[in-house]
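In: with the sequence up front, the predicted model follows.
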Amino acid sequence: GDSVTQMEGPVTLSEEAFLTINCTYTATGYPSLFWYVQYPGEGLQLLLKATKADDKGSNKGFEATYRKETTSFHLEKGSVQVSDSAVYFCALSANNNAGNMLTFGGGTRLMVKP
Amino acid sequence: DAGITQSPRHKVTETGTPVTLRCHQTENHRYMYWYRQDPGHGLRLIHYSYGVKDTDKGEVSDGYSVSRSKTEDFLLTLESATSSQTSVYFCAISERLAGYEQYFGPGTRLTVT
């Protein structure tokens, strides 16, 4: 079945450091890929997405490129802020009866220190 | 923010008691989902619905049932709660015309003692 693997956290960075959170996936067909962010005490929010190979999703300074050849969708940001501290989830979807059934990775906690 | 509410937001219950969690949406989205979130597992799908009275099982459906009698409400029932069902439960909605993106509710923290 489909699966998503993320680097384990926590990832601890200083403010303005460069961020990479690795995500690789296993799936049949051509899934869409997502990054969700969860701030403390809240639900998940969609951060960015890519629906086909070589697409780049971007939002709020975060970027991720859909790499079919390496089955990866790594999340990057050039300069993190304290307010980026959260848990980040990589996910994939395959359209089916469920409309958009998501398979999630285990999540990576990011802690940014001033 | 998508109009999704969950109730209750926090609940403590005893082993063996029935529990019902409610998800309510005001977006008229067709698809609704229940997930549970546990450390190291990300979110795992419990059940989903693709229309009124149309539901199906997800990855971790044992011990849970669902019902959807109206577009806006999706109920998750634990018939006889166990300690292994202590978790944070999230509801999500999606719609084809919205690109199937899933929007999540604020979550319900359930503790089974």
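Out: Right, received. Where do you want to start?
In: which stretches in chain B count as strands?
Out: Per DSSP state E, chain B carries strands over the ranges B:4-7, B:10-13, B:19-25, B:31-38, B:42-51, B:54-57, B:64-70, B:73-78, B:87-94, B:103-104, B:108-112.
In: hmm, the second one in reach of chain A?
Out: Looking back up the chat, that one is strand B:10-13. No. Figure legend: strand B:10-13 not in contact with chain A (CB under 8 Å from any CB of the partner chain); closest approach 11.0 Å. Quick note: C-beta positions are derived from backbone N, CA and C, even for glycine.
In: got it, and the fourth one?
Out: Yes. Using CB under 8 Å from any CB, strand B:31-38 comes into contact with chain A via B:Tyr31, B:Tyr33.
In: what pairs with that strand, parallel or antiparallel?
Out: Strand B:31-38 has the following strand partners under DSSP bridges: strand B:42-51 (antiparallel), strand B:87-94 (antiparallel).
In: tell me the mean pLDDT over the shortest one?
Out: Yep, that's strand B:87-94 we're talking about. Taken as a whole, strand B:87-94 carries a mean pLDDT of 95.
In: and chain B, which residues reach chain A?
Out: Within chain B, the residues that sit near chain A (CB under 8 Å from any CB) are B:4, B:30-31, B:33, B:40-45, B:48, B:50, B:56, B:58, B:90, B:92, B:94-96, B:100-107.
In: need the longest strand for chain A.
Out: Max-length strand for chain A by DSSP E is strand A:86-94.
In: show me what that one is packed up against.
Out: strand A:3-6, strand A:23-26, strand A:32-38, strand A:101-104, strand A:108-113, strand B:42-51 (3 or more CB pairs under 8 Å, 6 or more residues apart in numbering or on different chains; DSSP states H and E).
In: mind putting those strands into CSV with mean neighbour count, distance to A:Glu69 and mean pLDDT?
Out: Output for the helices and strands packed on strand A:86-94, formatted as CSV (neighbours: other CB atoms under 10 Å in any protein chain shown; distance: least, CB to CB, whole Å; pLDDT from 0 to 100):
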stretch, mean neighbour count, distance to A:Glu69, mean pLDDT
strand A:3-6, 19, 17, 94
strand A:23-26, 19, 12, 96
strand A:32-38, 24, 14, 94
strand A:101-104, 23, 20, 87
strand A:108-113, 16, 23, 96
strand B:42-51, 21, 25, 92
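In: show me where the chain dips below the pLDDT cut-off.
Out: Reading this off chain A. A:95-100 (pLDDT under 70).
In: oops, wrong one, chain B.
Out: B:1-2, B:97-99.
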